[in-house]
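Q: show me the folded form of this:
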Amino acid sequence: QVQVVESGGGSVQPGGSLRLSCVVSGFTSDTYAIGWFRQAPGEERLGFSCITSKDDNAYIADVVKGRFTVSRDNDKNTVYLQMNNLRPEDSAVYYCAAGSEWEYCSQYGPLGMEYWGKGTPVTVSS
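A: Numbers count the residues shown, from 1 in each chain. Modelled structure (predicted):
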């Protein structure tokens, strides 16, 4: 059974940083995609990052490019989302998800995610 667990959310002032972690366990395939999404109140969920368990190539959406980076540690089955220079508009619940459709992850983002975490809230406010 695949489990996805995010952690690391919290409150931070504008310009601050947070690092979110996502632990994925139970995937039967060695190669899979891990995506990051966020959803603010009243808005649709946005997928903004994708990385595979296979290599370090990652998709980062323009809305966060230059401020957010994603990395992975396969030994720990963990993907990290480093968020710098946070803005109030980054406030949202952040979700991690995993899926077997990894081939286009680094090009087109997190598509066809099958397994979802419960989310971790991020609040950026002065």
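Q: and Gly109, what does it touch?
A: 35, 47-50, 59, 61 (C-beta atoms under 8 Å, 6 or more residues apart in numbering). Any C-beta I mention is one placed from the backbone N, CA and C, and that applies to glycine too.
Q: my bad, should have said Ser53
A: 24, 27, 30-34, 72, 74, 102.
Q: let's see 10 Å
A: 24, 27, 29-34, 72, 74, 77, 79, 98, 102, 105 (C-beta atoms under 10 Å, 6 or more residues apart in numbering).
Q: which two in the residues you listed are spaced the farthest apart?
A: Asn77 and Cys105 (16.7 Å; C-beta to C-beta).
Q: tell me which of those two has more neighbours.
A: Using other C-beta atoms under 10 Å, the more surrounded residue of Asn77 and Cys105 is Cys105, with 28 against 16.
Q: tell me the phi and psi of that one?
A: phi -60, psi -50 (degrees, to the nearest 10).
Q: before we move on, what about Asn74?
A: According to degrees, to the nearest 10, Asn74 has phi -60, psi -30.
Q: residue contacts, it?
A: 30, 53-54.
Q: with distance to Glu43 as extra columns, can I get those in JSON lines?
A: What follows is these, written out as JSON lines (distance: C-beta to C-beta, whole Å):
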{"residue": "Asp30", "distance to Glu43": "35"}
{"residue": "Ser53", "distance to Glu43": "29"}
{"residue": "Lys54", "distance to Glu43": "31"}
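Q: tell me which residue is most central in the protein.
A: Nearest to the mean C-alpha position of the chain, counting by C-alpha atoms, centre = their mean, stands Trp36 at 2.4 Å.
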